[in-house]
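In: Pasting the sequence and the predicted coordinates here, then a few questions.
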Amino acid sequence: MLIQKTLSRRYFIKGLVCSAWAPYSFSTSIFDELNKIQFYSAATDQKGDHWLIITNSKGNILNQLQLPSRAHQVFKHPSLPLLCVVARRPGKYLSLVHTNTGTLIKTLFPSTGHHFYGHGLFTHDGRYLVTSENHIESGQGRITIRDRLSSYKTVNQYGSHGIGPHEIKLTNDGQTLVVANGGIKTHPDKAREKLNLNTMRPSLVYLDLKTGQMLEKVALSKKLHQLSIRHIDVNQHDQVVIAMQYQGDKTDQVALLATHKRQHSIRLLSAPTNTYIAMKHYCGSVSYDFSGKYAAATSPKGNRLSIWDTTKGIIVDEVRCRDACGVAALGKQGFVVTSGTGKLYHYNIERKEINRVLSKSTAQQQKFNSVSHAQRMAWDNHLSVST
Amino acid sequence: MSLFFTIFSLLGFQTSKLNPACEANRLKLNAYCFAVCILAICSVSYAEDTNPLNKRIVERLTADQNEPAWRAFNISTVENYVIPNYKGLATANSDLYLSTQTFCKRLSSPNTNELQVSFSMTKKAFHRSMDAWQVVQNTYFGPIEYGMRHHSIHFWPDKKNHIGRQLNKLIASQDETALTVDGFEKNSVSVKGLPAIERLLFNSAPLDMFKQTPFACEVLQGISRYLSDTANALHDEWVTSMLPQFKDAKQLDGYFEDDIDASTALLKTLVEPIEVIRDLKLDRPLGTQFDKVKFKRLESWRSKRSLTNLQLNIQSLESLFLGTSSHHAGLRSLLTPSEVTSILNDFNFVKQALSKIEPPLEEAILTESGYQIAKSISASLTNLHSSLESAITQTGIRLGFNSRDGD
């Protein structure tokens, strides 16, 4: 009976044999693995103040820095102890922070007439900082490149070939920038109002990082023009996984996950109708695992974490997880997930098992929990992990 | 004194967590923990913590520390509020199905009076079903999430006239197989619920329509049977599958993660519907100014019961807050007296504004004064939402963060 299957946090996808489900149990090996790792995320406390939080796996805050407003993505420099925190759309600041001390090194601002979209990256050589921005007057997306060695002076800026560029990634050679043009026009004077829902046309664009020349642009069919391409990840084969947000009718049944390979069209990933319905037309974040085969997507509005086999193009598992949003690959162990309820979870792909990393369910964890402050924070959209 | 209460309550909490006989002695412990927590709520605790950030945040027991009290709230709310409301819907929808059967049987009867009476009874039964639905409409999680049952019962707002088109198509098809139990499942969600029935019963000449197109009456019966089956299934699922999830929120492979997760689900049904009511049931029909008003955007404009819907929505939310009896205390038992007073005041403002409307709302908002009163209802809902959300935040429960985001 449908209801028997669905009234659990864990939904077994047809055709898969899943291992025993052990929620919130304590796994020593996972814990040891997690011990070496630092997590970076923006967060908001219960007073509504915004923070950059650097935490370890025990939930102990190693460093924290109060931010001027809500932030979105936090990412680390490839070799230096340097973190970059990008303000949430319409973002007015970008903070550069020392990883070890949590001190603010420098604050950058968008160039005149622009705002940040909450995402960015460092080039593979670590020299350039690349951000997605909005040219406010025209509403057109921009990619801005700043040189770290010249005090982050803007050295290049070019069009994103779309409206609302959101997450950006580099291909494996580090020369091609992949841009998720969400397609939604906004204006800072109109808060977060969406101004072009009837005409929006999201796209995935590949640009030459150096010149900004467009190498390829793909879009979904016209029928799906309200499916906003927002968050992406790139695997070692330069396959792009796309997590989308639907702006159309509440009762429309649409796919929210897709993959793309250069010179091909976008492939929508397959899942039972109820799975996509339960995701409430909204994905918050997406990440490949270490193998590049599996991807995890979060749906905070639907309280779901879903796991996808991007080779076969199908869903392989889904778990109920309240307000889950940040997700990042964690070595060979699977994924780490953060939630707006202040919790941190580990999902093991091999065992198809989710565990709350911070939990009171064992005495051992309780010991750590008593000094945990992270739980009282609402973790923001995106999570970065570093060993 | 405050510290004493804090330590006492924390000790109580630890005991209940570590006691292996907790399951066996659940009732006893519940009562103990509940009493402890009531005392604890009355106190203001400060965690002994060296982290300045944390010290600033914690001003009374966190939700986690207060878990037994929240658990008691959850179980009581499900047993005394959610399940009886779903029972109410099941009963009303079963009656509606019976009424439509009687009415359709009499359609070919030469006795016009009998037919009129039966039609009138069916309309009354529809109103009772809609009444029951408005009371339970806010409980949108759990069983109703599956199989699109929420949309099936009440497809609204219908911005693209799906109901009209799909209903005409179904009636024109004369396809009996589309009305069997299995066949009906395959129909569009837009024709399965109460708004479709409303269109059949409240149009310019419903009896003529039914007489000229008897298949429309078959469709009416098909929809009401579906509504009856669905409401009964939802009630059963709440009793047999959902209630145990609240009684043991940490069970393996359970629906919830813990008692606070379960409380969050219930509290969201108190707070979030207020925004939906304001935005969809009022602000959307009212538009930005008087000359932009569109009464056909009201929820039940055909049956002219949009005001009743609002009154029932607020009444239901208030009973979730206040509790339904001396055995069911509601959310207010977990808040401070000043928070309770402020929220009750805001409920009263909404109710007073609603009472100033000269029914039906469909006509009232077409007058300048009625429009302004409707605007004031909308404003009072904003205040109510804000005071509830702020009080709940103080308990340490966060209703949603990323789930309310748009990035």
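Out: Done, it's in.
In: show me where the stretch 251-387 of chain A has strands.
Out: Counting by DSSP state E, counting those that start in this stretch, the stretch 251-387 of chain A has these strands, from start to end: A:257-260, A:267-268, A:285-288, A:294-299, A:304-309, A:314-320, A:324-330, A:334-339, A:344-348, A:353-356, A:378-386.
In: And those: which comes nearest B:Asn74?
Out: With C-beta to C-beta as the measure, strand A:314-320 is the member of these nearest B:Asn74 (16.6 Å). C-beta here means a position set from N, CA and C on the backbone, and glycine is covered the same way.
In: list the buried ones in the closest one?
Out: Buried positions in strand A:314-320, judged by neighbour count with 16 or more other C-beta atoms under 10 Å in any protein chain shown: A:Ile315, A:Val316, A:Asp317, A:Glu318, A:Val319, A:Arg320.
In: closest to chain B among those?
Out: Using C-beta to the nearest C-beta, A:Arg320 is the member of these that sits closest to chain B, with 7.0 Å.
In: Determine if any part of the strand or helix carrying B:Ser228 is in contact with chain A.
Out: Secondary structure assignment for B:Ser228, by DSSP states H and E: helix B:214-237. Yes. Counting by C-beta under 8 Å from any C-beta of the partner chain, chain A is contacted by helix B:214-237 at B:Ala233, B:Glu237.
In: hmm, the next helix or strand after that helix in reach of chain A?
Out: Per DSSP H and E, helix B:214-237 leads on to helix B:243-247 as the next helix or strand towards the C-terminus. Yes. Under the criterion of C-beta under 8 Å from any C-beta, helix B:243-247 makes contact with chain A via B:Gln245.
In: again with stretch B:324-341
Out: No. Contact of stretch B:324-341 with chain A (C-beta under 8 Å from any C-beta) is absent, the minimum separation being 15.3 Å.
In: mind listing what's buried in that stretch?
Out: Of all the residues in stretch B:324-341, those buried under the rule 16+ other C-beta under 10 Å are B:Thr324, B:His328, B:Ala329, B:Gly330, B:Leu331, B:Arg332, B:Ser333, B:Leu334, B:Leu335, B:Thr336, B:Glu339, B:Val340.
In: Flag the helix or strand of chain A with the lowest per-element mean pLDDT.
Out: helix A:363-369 (a mean of 36; mean pLDDT, DSSP states H and E).
In: any idea how far the closest residue to B:Cys217 other than its chain neighbours is from chain A?
Out: Distances taken as C-beta to C-beta, 6 or more residues apart in numbering or on different chains place B:Cys104 nearest to B:Cys217, at 4.0 Å, with adjacent residues excluded. Going from B:Cys104 to chain A by C-beta to the nearest C-beta, to the nearest Å gives 29 Å.
In: Thought B:Phe215 was touching B:Cys104, still the case?
Out: No. No contact is recorded between B:Cys104 and B:Phe215 when judged using C-beta atoms under 8 Å, the distance being 10.4 Å.
In: Between the two, which has more neighbouring residues?
Out: When neighbours are counted by other C-beta atoms under 10 Å in any protein chain shown, B:Cys104 and B:Phe215 differ, and B:Cys104 comes out ahead with 20 against 17.
In: Run a quick neighbour tally on A:Ser150.
Out: The local packing of A:Ser150 (other C-beta under 10 Å) involves 10 other residues.
In: what's the domain layout of chain B?
Out: With domains defined by automatic domain parsing, chain B comprises B:2-61, B:73-245, B:251-399.
In: How far away from the center of its chain is stretch A:68-87?
Out: Averaging C-alpha positions (C-alpha atoms, centre = their mean, to the nearest Å) puts stretch A:68-87 13 Å from its chain's average.
In: does chain B sit close to that stretch?
Out: Yes. Against chain B, stretch A:68-87 shows contacts by C-beta under 8 Å from any C-beta at A:His72.
In: List the buried residues in that stretch.
Out: Neighbour counts over stretch A:68-87 (16+ other C-beta under 10 Å) mark A:70-77, A:82-87 as buried.
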